[in-house]
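Trainee: Provided below are the primary sequence and the corresponding predicted coordinates.
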Amino acid sequence: MASFFLSNNKIVRSFSFKGANFKIISSAFNVIKDEIIVQRTLLSNYIIKHKDFLESLVPLKEIDSDAPDIVRRMHKASLLTGVGPMASVAGITAQIAAEAAVAAGADEAVIENGGDIYIFSKNETKIALYAGKTTIASNLAILIKPEITPISICSSSSKMGHSLSMGDCDLATITATDGALADAAATVAGNLVKEEKDIPGALEKIISIKGVQGALIVKNDKIGIAGNFPEIIKNIDPRTKDKITKDWRSPNQ
């Protein structure tokens, strides 16, 4: 986990299910909570019959024709990025839950699933970045203006959390309208960076993925940004570390 929202004095409610921890800003909290339960249950039931969907580190050739929507969206992101389908579970869960809230009439749905975030809002939202001991990135935040929502902001790190990473990246943050794609692409970016010199090539590859809007990668005190990445601002919140969500993740996430 390497990114999370700063609440701006809004009411933030928490919810946990199947090892995943959520922070939510929305008047439709119960709708979001119920949708998360539904979607994670659908996914779990599919995995019981298709263990390879959970374990594969590469895209599966095919999925069942009657697979639930969450599975189909994860599979699509997997094919676009080349990583296993479970690399997108947090991002797509947040998005589908936010979509349910908006469909129910909510004018705001900001959902963080262990550092992977989906935002639909008529207000500005600040997203803090956290890259462990890398001071320069941990003093930064992203300003999400209403006109660029809905948007997914997903992060991956080789230094934090339980996620499997083939790289040595302090922070990779990806933006896209598709939560599954942003989450999977963040995993790819993290895998590609082992040294500072890898940043430019990784950015080029990530931005070439159809649907990815912007990318930020941090290695040591080197930062690279590409694409249409949101505005970067200074993070002045003194309680940043207290707001970090500790989350369980699958081996492929």
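Mentor: Right, received. Where do you want to start?

Trainee: what about the strands in the chain?
Mentor: Applying DSSP state E to the chain gives strands spanning 3-6, 13-17, 20-25, 109-113, 116-120, 125-129, 140-144, 151-156, 171-176, 212-219, 222-227, 231-234.

Trainee: mind showing which ranges of this protein have poor pLDDT?
Mentor: The model of the chain has pLDDT under 70 over residues 1-9, 132-138, 158-167, 236-253.

Trainee: coming back round to it: export the strands of the chain to JSON lines and append columns for mean neighbour count and distance to Asp66.
Mentor: From N, CA and C alone the C-beta is placed, and that goes for glycine too. What follows is the strands of the chain, written out as JSON lines (neighbours: other C-beta atoms under 10 Å; distance: least, C-beta to C-beta, whole Å):
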{"stretch": "strand 3-6", "mean neighbour count": "23", "distance to Asp66": "35"}
{"stretch": "strand 13-17", "mean neighbour count": "13", "distance to Asp66": "24"}
{"stretch": "strand 20-25", "mean neighbour count": "21", "distance to Asp66": "25"}
{"stretch": "strand 109-113", "mean neighbour count": "28", "distance to Asp66": "26"}
{"stretch": "strand 116-120", "mean neighbour count": "28", "distance to Asp66": "26"}
{"stretch": "strand 125-129", "mean neighbour count": "22", "distance to Asp66": "36"}
{"stretch": "strand 140-144", "mean neighbour count": "21", "distance to Asp66": "36"}
{"stretch": "strand 151-156", "mean neighbour count": "30", "distance to Asp66": "26"}
{"stretch": "strand 171-176", "mean neighbour count": "30", "distance to Asp66": "27"}
{"stretch": "strand 212-219", "mean neighbour count": "26", "distance to Asp66": "29"}
{"stretch": "strand 222-227", "mean neighbour count": "18", "distance to Asp66": "36"}
{"stretch": "strand 231-234", "mean neighbour count": "11", "distance to Asp66": "43"}
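
Trainee: In TSV, list those along with distance to Glu195.
Mentor: Shown next, in TSV, are these (distance: least, C-beta to C-beta, whole Å):
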stretch	distance to Glu195
strand 3-6	23
strand 13-17	37
strand 20-25	32
strand 109-113	30
strand 116-120	26
strand 125-129	21
strand 140-144	21
strand 151-156	17
strand 171-176	14
strand 212-219	7
strand 222-227	10
strand 231-234	23
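
Trainee: wait, which of those strands is closest to Leu203?
Mentor: Among these, the nearest to Leu203 by C-beta to C-beta is strand 222-227 (4.0 Å).

Trainee: helices or strands next to the closest one in the packing?
Mentor: Judged by 3 or more C-beta pairs under 8 Å, 6 or more residues apart in numbering; DSSP states H and E, strand 222-227 is in contact with helix 199-207, strand 212-219.

Trainee: of all the ones you listed, which lies closest to Ile36?
Mentor: The closest of the helices and strands packed on strand 222-227 to Ile36 is strand 212-219. By C-beta to C-beta, the value is 24.7 Å.
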